[in-house]
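Peer 1: next one to model:
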Amino acid sequence: MSEIKEMSLKYNLHSWSAQKAINPMVVTKAEGIYFWDEDGKQYYDMSSQLVNSNLGHGNKAIVAAIKEQAEKIPFIGPGYALDVRSEAAKAVVEASGLEGAKVFFTNAGAESNENAIKFAKQYTGKWKIFSMYRCYHGSSAGAGMLTGEPRKFVNEPGVPGFIKYDGPYAYRAPKACKFENEEEITEFYLELLENQIKYEGPHQIAAIFTETVVGSNGVLVPPKGYLEGIRKLCDRYNILMVCDEVMAGWYRTGSCFAWQQFNIEPDLVTFAKGITCGYIPLGGVIVSKKVAEYFDNNKMLCGLTYSAHPMGCAAAVATLKEYKRLNIEANVAAQGKILHETLSDIQSKHACVGEFRQIGLFSAFELVKDKETKEPIVQFNSDPEGLMNKIIGMLRVEGFSTYSHENMIIVAPPLIITETELRTAMNILDKVLDSVDNMVK
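Peer 2: Okay, the predicted model is just below:
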C-alpha cells in the first residue's frame, strides 16, 4: 500500500462508505477527460467525477482566473461589493434569461437548496415543501429532507412539512398503468400531484421542488408537458416552483439550464457543480423578479461567511466564458447523438440492460435480471453482495470510471469529449456488459 493511500485511510473519512470496506484510488494526474493513478494507468472520466467536471480537468483559463483573484483579493466578506461578484451575478442572470432576477451565491448544491427552502418559506409565509421520491437534493439537514431516496433516512425523523410525491417514472410505473404515449404519462403523474396538493392544503404549501432532470436516481427526463403542468399547478395554488439544476445545469443536457428546453420559467433555480466545474466550490440560487422584489423591503434571512467567495466568482466568470469559447452547446448536441446511438446499440445487445434514458451528455441505464419482468439486478436500497460495486470495479479495471446508484449506471462524460473518445470509451462499457450478461443468465 502506498504512503498516500495509507494516510488517506488513517486520517480521512470517505463519503457514503463503511471505512474498512473502501480502497481509494491514488490519483496523480488529471487532464482533459482523463485521469491517471499512481501506477500510471489512464482512466476515462465517464461521470465527470460527480457530474461536475463539465469542462474536464486542467482548463487553463479557469485555473488562471483563480490564481489572478488569489493574488488580488483572495477573500473579503459577502457584504462588500466586488468586481468579480458583480460580474459573476450578472453572467448567471443573463445565462438564465430571467428578466429582473438576482442571485444569492452559496458554496455547493446542498446549500443552494437549503437557502431555496428559506426563500420559499419567507416569500410565501407557508411551511410545507413538496419534493419527489427518487430525487437527491443534498445531504445537509434541509436538503436531506428534500431528498427522496435512501440517503434521506439519516435525517429522519426530521422537521415537519417535507412532503414527497411520485414523479414520472414510466419504466417502473404501477402495473395497472398502460401508457400509450408521453401525454398519458404526464396526465397520470400530474393528477397524482394535484391530488396531494389538495390533500395537504394549498394554503400551507410554499414550494414544489423538482430536479429538472432527475440525476443520480436514473436521469429521469420529464415527459412532454409535465414541467409545464407543474408550473400551472403552482400558479393555480400560489406555490413557488423550484428547479434544482445542480447536475442538469450548465449545458449538461444541451441548453445552459435544462428548464430552458421546456416552456416554463421557474420561481427559483438552484445550481452548483458546472458553474466552476469543481475547480473551486460555488453554488447559488437564482431568484425570480417577484421573489427578489419581495426582499426590497423585507429582511432576507439568508447568509453565509463564504457567500459569493471572490475566487469562486472569478472561476465562475471564467467558466461561463469557456462554455462559449469552446462552443460547448454545439458539442453536446453532436456528441449527445453519438451517446444515444451507442446506448441504443448497447440496450439491444445486452440482456442485462433494461432501459436507458438520455438527454444531451447526461444518461443512465438500468441493469435488470430479466427484460420482460424488469426485475432489477439489485433490489431498491439492497445490495448485500455488493454486486453494483463489483460491476463498477470491472469497468474501472478496463479504464472506464463512473459510478452507480441502485441498479443504475451513470454515463455523463465531460462536455468537451470528442466522438473518437466517446466511441472508444463506450466500447469498453460494451465489453464489460458481456460479463454482466453472464451474471444474469
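Peer 1: residues near residue 113, how many?
Peer 2: Residues contacting residue 113 under the criterion other Cβ atoms under 10 Å number 31. Using the backbone N, CA and C atoms, a C-beta is placed for each residue, glycine as well.
Peer 1: quickly note the distance from it to residue 324.
Peer 2: Distance from residue 113 to residue 324, counting by Cβ to Cβ, to the nearest Å: 27 Å.
Peer 1: need the three-state assignment for residue 285.
Peer 2: At residue 285, secondary structure determined by DSSP: H, G, I helix; E, B strand; the rest coil is strand.
Peer 1: what pLDDT does it get?
Peer 2: pLDDT, residue 285: 98.
Peer 1: before we move on, what about residue 87?
Peer 2: pLDDT, read off for residue 87, is 98.
Peer 1: the one 5 residues further on too?
Peer 2: At residue 92, the pLDDT value in this model is 98.
Peer 1: got a list of what it touches?
Peer 2: 103, 271, 275, 284, 286, 316, 320 (Cβ atoms under 8 Å, 6 or more residues apart in numbering).
Peer 1: note down every partner strand of the strand ranked longest in the chain and its orientation.
Peer 2: Using DSSP state E to define each element, the chain has its longest strand at strand 362-370. Paired with strand 362-370 in the same sheet, following DSSP bridges, are strand 353-359 (antiparallel), strand 375-376 (antiparallel), strand 408-411 (antiparallel).
Peer 1: contact partners of that strand?
Peer 2: 51, 171, 213, 215-216, 218-219, 247-248, 252-253, 339, 343, 346-347, 352-358, 374-378, 388, 391, 407-412, 436, 440.
Peer 1: ditto for stretch 159-175
Peer 2: By Cβ under 8 Å, 6+ apart, stretch 159-175 touches 127-135, 141-142, 145-146, 148, 177, 179, 185-186, 188-189, 192-193, 196, 200, 205, 208, 210, 214, 218, 220, 222-223, 226, 354-355, 366, 374.
Peer 1: buried set for that stretch?
Peer 2: 161, 162, 163, 164, 165, 166, 167, 168, 169, 170, 172 (16 or more other Cβ atoms under 10 Å).
Peer 1: tell me how far it lies from the chain's centre.
Peer 2: Its chain's C-alpha centre and that of stretch 159-175 lie 18 Å apart, by Cα atoms, centre = their mean, to the nearest Å.
Peer 1: what mean pLDDT does it get?
Peer 2: Mean per-residue pLDDT for stretch 159-175: 94.
Peer 1: likewise stretch 262-276?
Peer 2: The average of the pLDDT scores along stretch 262-276 is 98.
Peer 1: likewise for stretch 371-378?
Peer 2: 95.
Peer 1: list the buried residues for that stretch?
Peer 2: For stretch 371-378, burial by neighbour count (16+ other Cβ under 10 Å) applies to 376, 377, 378.
Peer 1: bridged to the first one, which residues?
Peer 2: Put plainly, it is residue 376. As assigned using DSSP bridges, the partners bridged with residue 376 are residue 368.
Peer 1: isn't it up against residue 407?
Peer 2: Yes: contact criterion Cβ atoms under 8 Å: residue 376 and residue 407 qualify, at 3.8 Å.
Peer 1: surely residue 394 is in contact with residue 433?
Peer 2: No: assessed by Cβ under 8 Å, residue 394 is found out of contact with residue 433, at 9.4 Å.
Peer 1: okay, now the unreliable bits of the protein?
Peer 2: Confidence mapping of the chain against pLDDT under 70 gives the ranges 1.
Peer 1: hmm, back to that, for residue 394 and residue 433, indicate the residue with more neighbours.
Peer 2: Per other Cβ under 10 Å, whichever of residue 394 and residue 433 has more neighbours is residue 433, with 24 against 15.
Peer 1: run through the residues that contact the more buried one.
Peer 2: Going by Cβ under 8 Å, 6+ apart, residue 433 touches 346, 349, 350, 352, 353.
Peer 1: in stretch 432-441, what's buried?
Peer 2: Across stretch 432-441, burial judged by 16+ other Cβ under 10 Å covers 432, 433, 436.
Peer 1: just give me the closest of those residues to residue 87.
Peer 2: Taking Cβ to Cβ as the measure, residue 87 lies nearest residue 432 of the buried residues of stretch 432-441, at 44.5 Å.
Peer 1: pretty sure that closest one contacts residue 395?
Peer 2: Yes: using Cβ under 8 Å, residue 432 is in contact with residue 395, at 5.2 Å.
Peer 1: quickly find the element holding residue 113.
Peer 2: Secondary structure from DSSP states H and E places residue 113 in helix 109-124.
Peer 1: packing partners of that helix?
Peer 2: Counting contacts by 3 or more Cβ pairs under 8 Å, 6 or more residues apart in numbering; DSSP states H and E, helix 109-124 is packed against strand 102-106, strand 128-132, helix 141-146, strand 205-211, strand 240-244, strand 268-271, strand 283-287, helix 289-294.
Peer 1: would a markdown table of those with mean neighbour count and distance to residue 154 be doable?
Peer 2: Shown next, in a markdown table, are the helices and strands packed on helix 109-124 (neighbours: other Cβ atoms under 10 Å; distance: least, Cβ to Cβ, whole Å):
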| stretch | mean neighbour count | distance to residue 154 |
| --- | --- | --- |
| strand 102-106 | 24 | 21 |
| strand 128-132 | 25 | 16 |
| helix 141-146 | 23 | 7 |
| strand 205-211 | 26 | 19 |
| strand 240-244 | 29 | 20 |
| strand 268-271 | 29 | 21 |
| strand 283-287 | 27 | 21 |
| helix 289-294 | 16 | 31 |
